[in-house]
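In: What follows is a predicted structure for the sequence shown.
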Amino acid sequence: MLRLKCLLVSVFMFVACGGASAAATCASLSQLNLPNTTITGAESFAAGKFTPPAQAIFRQQQPAIPVAFCRVTGSIKPTTDSDIKFEVWLPESGWTGRYESVGNGGFAGSIRYDSMVRPLIAGSAVASTDDGHSGPAVGPNSASWALGHPQKIIDYGYRAVHLTAKNAKQITAAFYGSQPKHSYFVGCSKGGQEGLMEAQRYPEDFDGIVSGAAANQWTNLFSSFSWGAKINLANRASYIAPQDLDKIGFAVAAACDAADGVKDGVINNPLRCRVEPSALKLTAEQLKTFEAIHNGPKTDSGERVYEGLPYGGETIEWNHTVTGPSFELAPVEAEESMYGNGFFSNFVYRDPNWTFRHFDLDKTPIEARNRVGKFLNADDVHFTKFRAHHGKIIAFHGWADSIVTPLGMISYYRKVIDAQNPAGRNGTAEGSAIETRALEETQKFFRLFLAPAVGHCAGGPGPNEFGQRGGDGDAEHDIVSALERWVEKDIPPESIIATKFEGDDRAKPVVMTRPLCAFPAVAKYNGKGRTDEATSFVCAAD
């Protein structure tokens, strides 16, 4: 155990003792004096004695935690309308010197116990926040907390994560008698937005960030939700129903397998797919909807608001993200319409009666950006101060994600590359060399990995486990461990081996493995090995 046997005069002032600082007991952490903060609990749990409660985002009980740890709970109130709940878990033994914050999802509203367990087992001090409010992350009323509460929107946008990190590091230092050697952030979806927001707004909070399926272009992303719902649900003739998805999926798989050159049901690079409209067997009105969703929203003047969806997610996620269970229920149960309605009615227009049917592509995105964009959009492309801090970012995205399109992340990542090349693209040989150098400069601190046939953050028929909530594996298979190795040993990841387990259960046999390659490289089949083994693929330019 990391305990220093010396007298702690004050639990909020470290006292020198033999050249080190004194460590606190778990119970004494309840007396810590932190700005605008109340510590509501500090309790030690033996291995197997604490079972995390069910959470709003998953609604299932989590298993008992197999290591002993100190659990600290608290509330931060930076404004009179703030109440940011947070938890910090501190391993009683085997602390690696690492601190990790885990991100939230959707409209947040709960501590992410599911994401805290693996980092704790791996020996990290780990923290989570509810982002400043309590409630379900997804659902018709999941954003109602924001109505008339502008300070809670700021807490949700960036303040909760930053203040939690500041408090958690002080709690960690008090418990162990020394500051964390390295600090990390790991999150997906809203958590991906949180990670990039931290790098841009508070570049010294973290040394390394894993940003998955980042909803960082927030106002344009949510505009695409309402725009897509308005098109799909304009009338019954335009609506793509759940029963249409299988025939769409069959046509897309056939076209994309032909483009990949490998018939394994895993679309390796959807950008190569060319799907003939006649193969989809949709009506003319449905085909117009289908093509619009894949092309993404553009204004009448031709300005792109956001990217469309790539091929491949239709049979994986569209039934709950795009189509909903039926035409009648989709307006309140499809995630696109739920997220769009919740955001614009509560964050932007402060009108609970607003729905996607009021969406105006030429006006609504601009109004959203002007009113709340500065709190929610993490779309800066320069990362100047984060680079100066020697910070590292690993972004990942499932190719079959139909909530936060991977094409949006690719577009954003290319802008980051361009920002390392102020001269811009000029189409000449000299320009190509400059662009190559810009990519190399970008990859010194920021790398993107795309996961074939993987949905939003996880799931899907492809190899979908690569340590997204990890840090307890090896750096070849665990994206969090790969980030730690990059930060601590300056070894950047060229690829991460993703694994498909039987039934998506890590305790069951491996069904498939495949390398995820640092963009713009893709995994290419070598033409001779088994297509379900990573060793049969190489990362190469496409």
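Out: Thanks, I have the structure now. Numbering: from 1, shown residues only.
In: So what's the model's average confidence on whatever helix or strand residue 151 lives in?
Out: Remark: residue 151 resides in helix 150-154, with elements defined by DSSP states H and E. Helix 150-154 shows a mean pLDDT of 98.
In: Go ahead and produce PDB holding the CA coordinates of the following helix or strand past that helix.
Out: The helix or strand immediately downstream of helix 150-154 is helix 160-176, counting by DSSP H and E. Coordinates of each C-alpha in helix 160-176 appear next as PDB, following Å, rounded to 0.1, in the frame of the first residue of the first chain:
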ATOM      1  CA  ALA A 160     -18.400  20.200 -14.800                       C
ATOM      2  CA  VAL A 161     -15.600  18.100 -16.400                       C
ATOM      3  CA  HIS A 162     -13.000  20.800 -15.700                       C
ATOM      4  CA  LEU A 163     -13.900  21.400 -12.100                       C
ATOM      5  CA  THR A 164     -14.200  17.600 -11.400                       C
ATOM      6  CA  ALA A 165     -10.700  17.100 -12.800                       C
ATOM      7  CA  LYS A 166      -9.400  19.900 -10.600                       C
ATOM      8  CA  ASN A 167     -11.000  18.500  -7.400                       C
ATOM      9  CA  ALA A 168     -10.200  14.900  -8.200                       C
ATOM     10  CA  LYS A 169      -6.500  15.600  -8.700                       C
ATOM     11  CA  GLN A 170      -6.400  17.300  -5.300                       C
ATOM     12  CA  ILE A 171      -8.300  14.400  -3.700                       C
ATOM     13  CA  THR A 172      -5.900  12.000  -5.300                       C
ATOM     14  CA  ALA A 173      -2.900  13.900  -4.100                       C
ATOM     15  CA  ALA A 174      -4.300  14.100  -0.600                       C
ATOM     16  CA  PHE A 175      -4.900  10.300  -0.400                       C
ATOM     17  CA  TYR A 176      -1.600   9.200  -1.800                       C
END
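In: For stretch 73-90, buried residues please.
Out: Neighbour-count burial for stretch 73-90 flags 73-78, 82-90 (criterion: 16 or more other Cβ atoms under 10 Å). (Each C-beta comes from the backbone N, C-alpha and C, glycine too.)
In: What about those, which are in strands?
Out: 73-76, 84-90 (DSSP state E).
In: so who does the residue lying closest to residue 270 once chain neighbours are set aside touch?
Out: Leaving out its chain neighbours, the residue that sits closest to residue 270 by Cβ to Cβ, 6 or more residues apart in numbering is residue 310, at 3.8 Å. By Cβ atoms under 8 Å, 6 or more residues apart in numbering, the contact set of residue 310 is 270-271, 273, 294, 399-400, 405-407.
In: Low-confidence ranges, the stretch 251-400 of the chain, go.
Out: Applying pLDDT under 70 to the stretch 251-400 of the chain flags no residue at all.
In: do that again at 80, thanks
Out: Along the stretch 251-400 of the chain, segments meeting pLDDT under 80 span 260-261, 263, 265.
In: Do you have the strands of it handy? List them.
Out: 392-398 (DSSP state E, counting those that start in this stretch).
In: Can I get the ones in strands among the buried residues of stretch 73-90 in TSV including pLDDT and distance to residue 463?
Out: Shown next, in TSV, are those (pLDDT from 0 to 100; distance: Cβ to Cβ, whole Å):
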residue	pLDDT	distance to residue 463
73	98	37
74	98	39
75	98	40
76	98	39
84	98	36
85	98	35
86	98	34
87	98	32
88	98	33
89	98	29
90	98	33
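In: State the pair within the residues you listed that is farthest apart.
Out: Farthest apart among those by Cβ to Cβ are 84 and 90. That separation is 19.4 Å.
In: burial count for residue 181?
Out: 11 (other Cβ atoms under 10 Å).
In: Return the distance of it relative to residue 99.
Out: Taking Cβ to Cβ, to the nearest Å as the measure, residue 181 falls 9 Å from residue 99.
In: ok, the residue nearest to residue 181 when sequence neighbours are not counted to residue 488 distance?
Out: Nearest residue to residue 181, sequence neighbours excluded (Cβ to Cβ, 6+ apart): residue 97, at 3.8 Å. Residue 97 is 10 Å from residue 488, where distance means Cβ to Cβ.
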